[in-house]
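J.: requesting a structural model of the entry that follows:
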Amino acid sequence: MIVGVDILGHRKFALVAIEGEEELKSIVSKNKLFRAIRELKPEIVAIDSISELFKSKEEVIEFLKNTNTRLVQVAVDSPLPALARRFGIKMNPRDPFDEARACAYLASFDIGYEVSVFTDKTQIVVSRNRSLGKGGWRQKRYGRKVHDAVRSVYREIKAILDDLGLEYSENFRSRFGGISRGEIIVNAPRVDVPISSFKTKDVQVKVSSVQKERIELIPLSRAKRYLIAGIDPGTTTAVALMDLAGNLISIRSKKDWSISEVIEFITEHGKPVIIATDKKNPPEFVSKVRASFNAVLHSPKEDLNVEKKRDLTSEYKILNDHERDALAAAMDAFNYYKSKFRNIEKRVPAGVDAEKVKAEIIRGTRLDSIFEDKKVERIEKKESVDVDLISALEKRDKKIRELLEENEVLRRQIRELKEEIDRLRTKIANLSSEEKEKIRKETYIRNLEFRISELLSEIKDKDSEISKLKEQIETLRKLKFGELIGWKEVKVLRKFSKEEVEQNREIGEGDIVLILDSSGGSDSVAEMLCKRKIRAVITFGEMSHLARDVFDSCGIPRIAADEVEIVGGEGFAYVSPKIEEIYRKKLEELRRKRIESIEKLFEDYRRMRRL
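T.: Next comes the predicted model:
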C-alpha cells in the first residue's frame, strides 16, 4: 500500500491510499492522519513537500522513529504538475485529492526522494535506572550492586552482538563495583539489531538509530534527464541546456573551453538527445560533441540572424552574445519538435516516462512500436499477478455493493429530512405576527439582562479598584498632614527574584526591604540583598530554607508581615515605629542562636576528645 498526502486547508489533509486497483480517499486532521498511517502500515507515504506536514526535523524523526514506512518527497527537481504530466497522470492542480493521488502513483513509479534522517548505525546505551541517593556506607554498598548490574547487562548485550558477528565500537564509564554507563555504536541499521529498549529495577537500556546531522533526500531511482544542448563554439564557447519540456536547465560560457570539458559539463546535467547549432553548416566542434553522445544534430535551414536570436531569447537574462547564440540554437531545436512533444504527452499512458518516449522518437523510433513494447511489459506483469487481481476485484465488488446499500440508506434519510424541513417552514409561516413580536421582545429582554449582568460585574471590579485607591489616598493624606509621624519608609519588592532585585537599584545600605511575595527565591537572590547591606527584610508568605539560611548567616533579621503594621500603595510602603523594637528582638534572637550554635560545636568537640 502507498499513501499520498496533500494539504487541504487549515490543519486538514487529503489522504489517498492505493493498493492494487483500490483507492481510499479521506479528509483527516494531522493527528488522525498519523493514526491512519500507523493502522494501515503503508510501504510509502508520499507528499509534494515534507514542509506541508512537518514543521521541524524533530517531527520528522518522531514520525520515522518506530516504523518501517518510508517517507517520500515527490517534487524536488520539478513541480508536481510537471511530473504528473510527464508520467501520464491526469491531475487537477486545484484538487488536493488529485495531488495526493498523483504523489502516491509517482512514488509507485519510483519517482521522488526518500527522506532519510537516520544513519546505518544503532546506538545502545546501558545506564543506571535510579539515583544512588545520599552518601554513607550504605550508599557505597548499594552503588556497587547497581554498577555491577549495569556491567552484567552491558556484557550480555556485547555477547549477543559478538554471536551475530556485528561490528561495533564501545565507550564506558568505570565506577566502584562495575560501570555506571556504557555506550555501544553498532555498525548496522536498527532493524538488524535484535535488542529492544527495556528497564529493570537498577538498569535501563535505550536502543535507537543514530541520527544524521541534517535531513537527506535520497532518490528512489536514478532516472536520466534528457536534454537539448545548444552550443556556440569559438574562442569563448557557450553551452545552453534545456529539458524536453522547454525549461532552461543551465547556461554557461568559458574561454578556451575544450571538447572534453564541454562533454563533462553536459553529462553533469543529464543525457543530450539533441545537439543544436545556430549555423546552417555545423562547426566541427559541434559535430564532435554530437558524435560523442550519439545524439541527433539540429541545425537551421539558414543561419539564424541576430534579430531572430533576440526574439528567441527575449524572455531570458543572458550575460553575453555567446550565451545568447547557444540558447537561441537550443530554443530553435525545441520549437522544431514542440508540436510532436505535445502529441506524445497526450498519448502516453500512466506510468510511462514521457521524456523517455520523446527521446526515442527523436532518435527515430516509431511511437506505435514504443507503446507496443510497453504493452507487452504490462501484459507480462498482469499475467504474474492474476490471482492477486481476482482477489482485488472481488474486494472492490464487495465494497461497491456496500456503498450502494449505504447510498440508498442515505437517500432515504435525505428524503425524510427534506419533508421535515418543509413541515417546519410551513409551521414558521403560520406563526402570527403577534407571536413573532413576542419572540422578538423576549430575545431583546434576554440580551438586555445579559448586558446588565456584564455591567454589574464591571461595576463590582471598579468598586474594588476605587476602594484600593481610596486606601492609598488616605495613606498619602496622612503622610502629608503628619499623621504618620515616626513611621519608617521601606523599600518594596513585588517578587523575591533576581530580576526584581536588579531593577530596584535604589535599595542600599541600612534599608528595610518589604517582599510582597517571598516564595520562589533562591539563596543567590538572598546573597544579592546581603551584598547591598540591607538592615532587615519583611516577608509575606513562606521563604525557602536556603534563602532563610543566607539571611541568618549574614545577621539580617527576618520579620513576618503580620508582626508589624504596614500602610502603603502601589510601589511604596511605611511601617509603624514598632519596627525598631521588633528589629532589636529579632537581632538579639539571631545572636543568641549563633552563640548556642558555637557552644554546641565546643560541646561536641569536648565529647569527641573524651572518646
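J.: what about residue 125, distance to residue 277?
T.: 64 Å (C-beta to C-beta, to the nearest Å). C-beta coordinates here come from the backbone N, C-alpha and C atoms, glycine included.
J.: who has more neighbours, those two?
T.: residue 277 (31 against 15; other C-beta atoms under 10 Å).
J.: what's the neighbour count on the nearest residue to the more buried one once chain neighbours are set aside?
T.: Leaving out its chain neighbours, the residue that sits closest to residue 277 by C-beta to C-beta, 6 or more residues apart in numbering is residue 286, at 4.7 Å. Neighbour count for residue 286, taken as other C-beta under 10 Å: 24.
J.: so which bits of the helix or strand harbouring residue 286 are buried?
T.: Using DSSP states H and E, residue 286 falls within helix 284-293. Across helix 284-293, burial judged by 16 or more other C-beta atoms under 10 Å covers 285, 286, 289, 290, 292, 293.
J.: tell me which helix or strand comes right after that helix.
T.: Using DSSP H and E, the first helix or strand after helix 284-293 is strand 296-298.
J.: tell me the contacts of residue 75?
T.: Residues in contact with residue 75 (C-beta atoms under 8 Å, 6 or more residues apart in numbering) are 48, 49, 83, 112.
J.: among those, who's most crowded?
T.: Of those, with other C-beta under 10 Å as the count, residue 112 tops at 28 neighbours.
J.: and that one, how far from residue 44?
T.: For residue 112, the distance to residue 44 - C-beta to C-beta - is 9 Å.
J.: try residue 118
T.: Distance of residue 118 to residue 44, given as C-beta to C-beta: 17 Å.
J.: and the nearest residue to residue 255 once chain neighbours are set aside, how many residues sit next to it?
T.: Spatially, and ignoring its direct neighbours in sequence, residue 255 is nearest to residue 236 (5.0 Å; C-beta to C-beta, 6+ apart). Per other C-beta under 10 Å, the neighbour tally for residue 236 reads 15.
J.: what residue ranges in the stretch 251-400 of the chain score low on pLDDT?
T.: 350-352, 367-398, 400 (pLDDT under 70).
J.: in it, which spans are strands?
T.: 271-276, 296-298 (DSSP state E, counting those that start in this stretch).
J.: mind listing what residue 546 touches?
T.: By C-beta under 8 Å, 6+ apart, the contact list for residue 546 reads 522, 523, 526.
J.: top of these by neighbour count?
T.: Most surrounded of the contacts of residue 546: other C-beta under 10 Å gives residue 526, at 26 neighbours.
J.: how about the host helix or strand of that one, which residues are buried there?
T.: In this structure, residue 526 is located in helix 523-531 according to DSSP H and E. If you call a residue buried by 16+ other C-beta under 10 Å, then helix 523-531 has these buried ones: 523, 525, 526, 529, 530.
J.: any chance of the residues you listed in a markdown table, with distance to residue 538 and pLDDT too?
T.: Listed next are those as a markdown table, based on distance: C-beta to C-beta, whole Å; pLDDT from 0 to 100:
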| residue | distance to residue 538 | pLDDT |
| --- | --- | --- |
| 523 | 19 | 87 |
| 525 | 16 | 88 |
| 526 | 14 | 89 |
| 529 | 12 | 89 |
| 530 | 16 | 91 |
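J.: report the two of the residues you listed separated the most.
T.: 523 and 529 (11.0 Å; C-beta to C-beta).
J.: thinking again about what came up before, determine which stretch of the strands of the stretch 251-400 of the chain is the most buried.
T.: Of all the strands of the stretch 251-400 of the chain, strand 271-276 carries the top mean neighbour count, a mean of 25, counting by mean count of other C-beta atoms under 10 Å.
J.: remind me which residues of the protein are low pLDDT?
T.: Checking the chain against pLDDT under 70 turns up 133-139, 222-224, 350-352, 367-398, 400-401, 431-434, 472, 474-485, 611.
J.: domain boundaries for it, per the record?
T.: The record's domain parsing of the chain by automatic domain parsing lists 2-111, 120-214, 230-360, 488-599.
J.: that older thread, overlap in contacts of residue 112 and residue 44?
T.: Contact criterion C-beta under 8 Å, 6+ apart; residues shared by residue 112 and residue 44: residue 72.
J.: tell me which element residue 467 falls in.
T.: Secondary structure from DSSP H and E places residue 467 in helix 433-480.
J.: quick one: strands adjacent to the helix or strand following that helix?
T.: Next in sequence after helix 433-480, counting helices and strands by DSSP H and E, comes strand 488-493. If you go by DSSP bridges, strand 488-493 pairs up with strand 512-515 (parallel), strand 572-575 (antiparallel).
J.: now the last one - C-alpha only, CSV.
T.: Taking only C-alpha atoms (Å, rounded to 0.1, in the frame of the first residue of the first chain), the coordinates of strand 572-575 have been written out as CSV:
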residue,chain,number,x,y,z
PHE,A,572,5.6,52.4,48.3
ALA,A,573,5.0,51.4,52.0
TYR,A,574,5.6,52.6,55.6
VAL,A,575,5.9,50.6,58.8
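J.: okay, buried residues for it please.
T.: For strand 572-575, by 16+ other C-beta under 10 Å, it's 572, 573, 574, 575.
J.: which residues outside it are in contact with it?
T.: Contact partners of strand 572-575, identified using C-beta under 8 Å, 6+ apart, comprise 475, 479, 484, 487-490, 492, 512, 514, 538, 564-568.
J.: ok, residue 499 - how many residues close by?
T.: Using other C-beta under 10 Å, residue 499 has 9 other residues around it.
J.: so who does it touch?
T.: Shown in contact with residue 499 (C-beta under 8 Å, 6+ apart): no residues.
J.: try it again with 10 Å
T.: Going by C-beta atoms under 10 Å, 6 or more residues apart in numbering, residue 499 touches residue 525.
J.: wait, a helix at it?
T.: Yes - Residue 499: assigned to a helix according to DSSP: H, G, I helix; E, B strand; the rest coil.
J.: let the chain start at 621 from now.
T.: Okay, residue one is now 621; in that scheme the one you just asked about reads as residue 1119.
J.: from residue 1110, how far out is it?
T.: 20 Å.
J.: same thing with residue 1218?
T.: From residue 1218 to residue 1110 the distance is 32 Å (C-beta to C-beta).
J.: repeat for residue 900
T.: Where residue 1110 is concerned, residue 900 sits at a distance of 100 Å (C-beta to C-beta).
J.: ok, residue 1075 next?
T.: Counting by C-beta to C-beta, the gap from residue 1075 to residue 1110 is 39 Å.
J.: which of the two has more residues huddled nearby?
T.: Shown here are residue 1075 and residue 1110; by other C-beta under 10 Å, residue 1110 has more neighbours (22 against 10).
J.: thinking the more buried one is in contact with residue 1191, fair?
T.: No - taking contacts as C-beta atoms under 10 Å, residue 1110 lies outside contact range of residue 1191: 11.6 Å.
J.: can you list the buried residues in stretch 946-959?
T.: Applying 16+ other C-beta under 10 Å to stretch 946-959 flags 946, 947, 948, 949, 950, 951, 952, 953, 954, 957 as buried.
J.: let me see the contact set for residue 1206.
T.: Contacts for residue 1206 (C-beta under 10 Å, 6+ apart) come out as 1156, 1176, 1177, 1178, 1179, 1180, 1183.
J.: with that, I have no additional questions.
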